[in-house]
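> Requesting a structural model of the entry that follows:
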Amino acid sequence: MDAPLHTFARLALALALVLVLVAVGSARADVVHLTNGRRVSGEVVRENEKEVVIKTPQGRVTLPRRLVDRIERQSGDATLLELARERLAAGARKEGEALLRKAARSKDAGVASRAKARLASLEAKDRQRARKKGGPRTSFALPAKLQGKPTEGATLQEQFDRVRFAIDYRDGPRALGLLKSLRAQNPKRPVLEYLAGRAHELAGDSAAAKTAFLSALGSDARRVKGKDLGWIKDLARRAVAGETISRKSTPGAGTNWYRVAGTHAAVYSLHEIDGRLASRFDVLAARARRVFDLRARDSDLDGRILIGLCVDRRELRRLGEAPPLRVVAPDGVLWRLNCLARDLNREAPLLVARALLARAVPGTPEKTR
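Residues are numbered from 1 along each chain as shown. Okay, the predicted model is just below:
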């Protein structure tokens, strides 16, 4: 690998500390209502007949008493909402969100509920803005020799990206609508068939999804035709990401493999494995999500961690050269690792943390060995 895992571990720890050490305002605060209808939030540190002095996150503000209509003394947690509103209105998004996150942890159920609702509203507006931009999280080049005229967007690349973007936001019907003309003009193209499988899956049509994934696998489909949908999707995703599917060296390609899957990971082995194994990845992901303060969509890996588990080095050698740790499939980043069973407890936490951070903060190198 270009970057050792222990270096990444230090980076992850540093990022976690930054999140933990964010400082947010004063524990006690008040709201000063002015005669012109405006409000100033902070902590009143001095007041008399002539003036009111209030300490705000930006410093002390002295207000003539004649401009003050009334002073509303609130609990610190309730005032966090006022401070957050003011910072957001001033364009200080990070400060406003930090105040809302602190308020969301309040013991006052009303304050916590309002803060969470405001955070959800901000996230929804972000999604709306992102939809207008129409770009997926990760880049993926238009398949070679794709033909036809775009039915939406200026170019085929733009229409292709809109398909991927719709899948990224779990909008299956939208993706299917965009794919219809592309598939008609370019029949049996593996990448388009795979994306159609994802779109059908999101739209709730498992049978159509399975058919599309098998089409994406082409001649390799006969090996796994009787497997479940998740199994077939894994192999199709790996194939369109550039992996050569081999019965002997590709975990899951032959009929003698076992598989267990959780929300974030799928584990393959030539021996029967405990069904609870993949759930350990989900537990690790949940912990990492809390440490890095990731929202649900940022921590959604949709089974993109794939592990080939071996009991000894002979089996590990059979799988051949270690696969790239990180590759890009049409619907996002895919993480793969072949390792010995005894090393799983050491490898898994770093792999999960790295995958989650890459999901939340795209921009790391697309391939790392």
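
> Which residue is the nearest non-sequential neighbour of the residue of the chain most remote from its centre?
The C-alpha centroid of the chain is most remote from residue 49, which lies 54.3 Å away (CA atoms, centre = their mean). Once flanking residues are discounted, residue 49 sits nearest to residue 65: 6.1 Å by CB to CB, 6 or more residues apart in numbering. (C-beta placed from N, C-alpha, C; glycine too.)

> how close does the one you found get to residue 308?
Distance, residue 65 to residue 308, by CB to CB, to the nearest Å: 73 Å.

> Stretch 265-281: which residues count as buried?
Residues of stretch 265-281 classed as buried by neighbour count (16 or more other CB atoms under 10 Å): 265-270, 273, 277-281.

> Can you redo the residues you listed as TSV, where the extra columns are distance to residue 315, secondary structure and pLDDT?
Shown next, in TSV, are the buried residues of stretch 265-281 (distance: CB to CB, whole Å; DSSP: H, G, I helix; E, B strand; the rest coil; pLDDT from 0 to 100):
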residue	distance to residue 315	secondary structure	pLDDT
265	19	strand	89
266	18	strand	91
267	14	strand	92
268	11	strand	92
269	9	strand	92
270	6	coil	90
273	13	coil	86
277	16	helix	84
278	19	helix	83
279	23	helix	84
280	21	helix	84
281	21	helix	84
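
> List just the nearest of those residues to residue 57.
Nearest to residue 57 among the buried residues of stretch 265-281 is residue 281, at 40.2 Å by CB to CB.

> What's the separation between that closest one and residue 137?
Between residue 281 and residue 137 the computed distance is 21 Å (CB to CB).

> And the residue nearest the centre of this structure?
The chain has residue 298 as the residue nearest its centroid, 2.3 Å off, counting by CA atoms, centre = their mean.

> Would you agree it falls within a helix?
No: counting by DSSP: H, G, I helix; E, B strand; the rest coil, residue 298 is not found in a helix; it is coil.

> Contacts only, for it.
Contacts for residue 298 (CB atoms under 8 Å, 6 or more residues apart in numbering) come out as 289, 356, 359-360.

> sorry, back to before: got a list of what the residue nearest to residue 49 touches?
By CB under 8 Å, 6+ apart, the contact set of residue 65 is 47-52.

> Next, give me the two most distant ones among those.
Using CB to CB, the two most remote members of the contacts of residue 65 are 49 and 52, lying 10.2 Å apart.

> quick one on the thing from earlier: pull up the gap between the residue farthest from the centre of the chain and residue 32, please.
15 Å.

> burial measure for residue 95, as a count.
Per other CB atoms under 10 Å, the neighbour tally for residue 95 reads 20.

> Quick check: closest non-adjacent residue to it.
Leaving aside its sequence neighbours, residue 95 sits nearest to residue 87 (CB to CB, 6+ apart; 4.4 Å).

> Need the three-state assignment for that neighbour.
Going by three-state DSSP: residue 87 is helix.

> Can you name the residues that contact it?
Per CB under 8 Å, 6+ apart, neighbours of residue 87: 57, 95-96, 99.

> Most neighbours of all those residues, which one?
Per-residue neighbour counts (other CB under 10 Å) across the contacts of residue 87 peak at residue 99, which has 27 neighbours.

> ok, then the element right after the host helix or strand of residue 336?
Secondary structure from DSSP states H and E places residue 336 in strand 332-340. Going down the chain from strand 332-340, the next helix or strand is helix 344-360, by DSSP H and E.

> Would you mark the buried spots in that next one?
344, 348-349, 351-360.
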